[in-house]
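> Please work out how this folds:
(2 chains)
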Amino acid sequence: DAGVIQSPRHEVTEMGQEVTLRCKPISGHNSLFWYRQTMMRGLELLIYFNNNVPIDDSGMPEDRFSAKMPNASFSTLKIQPSEPRDSAVYFCASSPGTGRFEKLFFGSGTQLSVL
Amino acid sequence: AQSVAQPEDQVNVAEGNPLTVKCTYSVSGNPYLFWYVQYPNRGLQFLLKYITGDNLVKGSYGFEAEFNKSQTSFHLKKPSALVSDSALYFCAVRDLNSGGYQKVTFGTGTKLQVIP
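Numbering: from 1, shown residues only, chains lettered A, B, ... in the order given. Presented below is the predicted three-dimensional model:
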C-alpha cells in the first residue's frame, strides 16, 4: 500500500494567491482528517470527513479555508486568498473506521510558505 | 472536553540509558490513548495505543507505555535509548466530542534528543 499521498510536498506562493492542497487517503479508509502544524500552535485539527461527508469543521480558521472530498479517494484543502500567517505544514491523515481505537495514518505533509 | 498534556518540550538522554516521555490526559469517559512519532520532514507514525486491559502496552521499535488511571498518565518508555530514536513524540487521545463524533486531540509534542 502506498500510504496517504499528499501533493505538492512544497508550495511557495505570494500573499493573495489561491492555494490548493491535495490528498489521496489509503484505499478502504473512510475517515479523513486535515491537520495544520506550526511551531507556535502545534498540531491543529482543521476538518474531519467520514464517508466523504464533513463531520467537524470547527477547526477551520476562517472563510478563506475550504475543504472538499468529492469521492472516497480524493480530498482538497483550499486557501483563498492566502496570507503569510497560513505558512505551516499541512497534513492529511486517514483512518480505517470511526472507532475510537482506530489509529491514524499520516501523509508526509505539504510545507506551505506564503510570502 | 478531552485533552492531553506533555509537560516537557524536550527530553535529553544518553544513548543506552532508559528514556521516559511524559503524558497526562483528561477525558470524560474511558480513555483511548495513543503515541505517535514524527521524524524530520515526515508525517506522524503510530507507535502504540491503549484501549483496555494490561496497563503496560508494547509498541513499535521497542517502545512501551504505562497507563496509570489514578494518575491519569500514559508515559512512553524505552529501556535503552538509541540515537535513531531522536524525534518528536506526540501523545494523543481519541474520544467523542459534544456532537457525538469522534475527535482526536494531540499534545504539543516532546522533542527527544538521544546523545551519543
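> For whichever residue of chain A sits closest to chain B, grab the count of nearby residues.
In chain A, no residue comes nearer to chain B than A:Phe106, which is 3.2 Å away by C-beta to the nearest C-beta. In this view, the C-beta of every residue, glycine as well, is placed from N, C-alpha and C. For A:Phe106, the neighbour count with other C-beta atoms under 10 Å in any protein chain shown is 22.
> For the residue nearest to B:Trp35 when sequence neighbours are not counted, give me its contacts.
Nearest non-adjacent residue to B:Trp35, counting by C-beta to C-beta, 6 or more residues apart in numbering or on different chains: B:Leu47, 4.3 Å away. Applying C-beta atoms under 8 Å, 6 or more residues apart in numbering or on different chains to B:Leu47 gives the contacts B:34-37, B:59-61, B:63, B:76, B:89.
> Make a markdown table from those residues and add secondary structure and pLDDT to it.
What follows is the contacts of B:Leu47, written out as a markdown table (DSSP: H, G, I helix; E, B strand; the rest coil; pLDDT from 0 to 100):
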| residue | secondary structure | pLDDT |
| --- | --- | --- |
| B:Phe34 | strand | 94 |
| B:Trp35 | strand | 97 |
| B:Tyr36 | strand | 96 |
| B:Val37 | strand | 96 |
| B:Gly59 | coil | 93 |
| B:Ser60 | helix | 91 |
| B:Tyr61 | helix | 92 |
| B:Phe63 | coil | 97 |
| B:Leu76 | strand | 98 |
| B:Tyr89 | strand | 97 |
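> So A:Leu112 is in contact with A:Arg85, correct?
No: checked against C-beta atoms under 8 Å, the pair A:Leu112 and A:Arg85 is beyond contact range at 11.0 Å.
> quick one, which of the two is more surrounded?
Neighbour count, other C-beta under 10 Å: between A:Leu112 and A:Arg85, A:Leu112 has more, with 21 against 11.
> ok, that one - contacts?
So A:Leu112 contacts A:11, A:13, A:19, A:21, A:79, A:82, A:86-90 (C-beta under 8 Å, 6+ apart).
> go with 10 Å
By C-beta atoms under 10 Å, 6 or more residues apart in numbering or on different chains, the residues touching A:Leu112 are A:8, A:10-13, A:19, A:21, A:36, A:77, A:79, A:82, A:86-90.
> can I assume it sits in a helix?
No: per DSSP: H, G, I helix; E, B strand; the rest coil, A:Leu112 lies outside any helix segment and is strand.
> Quick check: bridge partners of it?
A:Glu11, A:Ala88 (DSSP bridges).
> what's the helix or strand for the residue positioned nearest the centre of chain A?
By C-alpha atoms, centre = their mean, chain A has its centre lying nearest to A:Trp34, at 3.1 Å. According to DSSP states H and E, A:Trp34 maps onto strand A:31-38.
> What residues sit buried inside that strand?
A:31-37 (16 or more other C-beta atoms under 10 Å in any protein chain shown).
> Make TSV out of those and add pLDDT.
TSV is the format used below for these (pLDDT from 0 to 100):
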residue	pLDDT
A:Ser31	91
A:Leu32	94
A:Phe33	94
A:Trp34	96
A:Tyr35	95
A:Arg36	96
A:Gln37	93
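> out of those residues, which touch chain B?
Among the buried residues of strand A:31-38, proximity to chain B is found for A:31, A:33, A:35, A:37 (C-beta under 10 Å from any C-beta of the partner chain).
> who's in contact with the third one?
Taking C-beta under 10 Å, 6+ apart as the contact definition, A:Tyr35 lies against A:42-48, A:59, A:88-93, A:104, A:106-107, A:109, B:43-44, B:104, B:106.
> Lovely, talk soon.
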